[in-house]
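[1] Quick one: sequence and predicted model below, then my questions.
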Amino acid sequence: GQQLNQSPQSMFIQEGEDVSMNCTSSSIFNTWLWYKQDPGEGPVLLIALYKAGELTSNGRLTAQFGITRKDSFLNISASIPSDVGIYFCAGQPEYNNNDMRFGAGTRLTVKP
Amino acid sequence: ETGVTQSPTHLIKTRGQQVTLRCSSQSGHNTVSWYQQALGQGPQFIFQYYREEENGRGNFPPRFSGLQFPNYSSELNVNALELDDSALYLCASSFDSLGGYTFGSGTRLTVV
């Protein structure tokens, strides 16, 4: 089953607001990834993190690989309507680099 | 550069039947992973193929099997279909199982 605890499950925000979501695990991860999935599509990679403490930005998105290697967060600044979708954290555990575990997702709704 | 393509996009099967799903990996990628995504859940890792060999497996029974071909395309086979096998099946490719997998749009399987 899934080992990643992702929160919150859902968010309803106003356009222009900032968003923060996070993911924690009971195991150490070598890689943290954040994906966005739109209806009827596969997940699309937003940001990949490969080193503890790493902070990476992609436009209005910023993600960090936690120092303990057991957590990560994703921030979205100045949200816009097209940010709507489901965001998943994913990670490759230290004990099995060939496996990628996903969180249950955060459903984001942006009100114009 | 073509992305990951999956076929068919939708499929309806009867309980007890067998199904084969297909995936063409992104150009330059040699690793293919398969995931099962139930409604409202994150993707669950089924198995990974690297250079035509199974290279890791999640918690799925043996009736889930796969193949990878010399051109790195892949098949997922499921025997003795059960109602709970109804899900979106996602294929993802990468180079050398490093993070940052590219996902296809998935095959929606319905078992009745």
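    Thanks, I have it.
[2] helix or strand for the nearest residue to residue A:79 once chain neighbours are set aside, which one?
    In space, and not counting its chain neighbours, residue A:79 is closest to residue A:110: 5.0 Å by Cβ to Cβ, 6 or more residues apart in numbering or on different chains. Quick note: C-beta positions are derived from backbone N, CA and C, even for glycine. Element membership for residue A:110 (DSSP states H and E) is strand A:106-111.
[3] Enumerate the positions of that strand that are buried.
    Neighbour counts using 16 or more other Cβ atoms under 10 Å in any protein chain shown place A:106-108, A:110 of strand A:106-111 among the buried residues.
[4] Quick one: name the residues of chain A near chain B.
    A:1-2, A:4, A:6, A:31, A:33, A:35, A:40-45, A:48, A:50, A:88, A:90, A:92, A:96-105 (Cβ under 8 Å from any Cβ of the partner chain).
[5] residue ranges with poor pLDDT in the chain?
    In the absence of a named chain, chain A is used. A:1-2 (pLDDT under 70).
[6] The intended chain is chain B.
    For chain B, the stretches with pLDDT under 70 are B:1, B:97-99.
[7] Near chain A, which residues of it are found?
    Residues of chain B lying near chain A by Cβ under 8 Å from any Cβ: B:4, B:33, B:35, B:40-45, B:48, B:50, B:55-56, B:58-59, B:90, B:92, B:97, B:99-106.
[8] Kindly recompute the last result at 7 Å.
    Contact residues (Cβ under 7 Å from any Cβ of the partner chain) of chain B with chain A: B:33, B:41-43, B:45, B:48, B:55-56, B:58, B:90, B:97, B:99-101, B:103-106.
[9] and the residues you listed, which are buried?
    B:33, B:41-43, B:45, B:48, B:55-56, B:58, B:90, B:97, B:99, B:101, B:103-106.
[10] Residue B:54 reaches residue B:47, doesn't it?
    Yes. Contact criterion Cβ atoms under 7 Å: residue B:54 and residue B:47 qualify, at 5.7 Å.
[11] coming back round to it: what about burial for the residues of chain A next to chain B, which qualify?
    Buried among the residues of chain A next to chain B (16+ other Cβ under 10 Å): A:2, A:4, A:6, A:31, A:33, A:35, A:42-43, A:45, A:48, A:88, A:90, A:92, A:96-105.
[12] Now, those that are in strands?
    A:4, A:6, A:31, A:33, A:35, A:45, A:48, A:88, A:90, A:92, A:101-102 (DSSP state E).
[13] And the strands in chain B?
    Under DSSP E, chain B gives strands at B:5-7, B:10-13, B:19-24, B:31-37, B:44-50, B:53-57, B:64-68, B:74-78, B:87-94, B:102-103, B:107-111.
[14] mind checking which of the ones you listed is nearest residue A:57?
    strand B:102-103 (20.9 Å; Cβ to Cβ).
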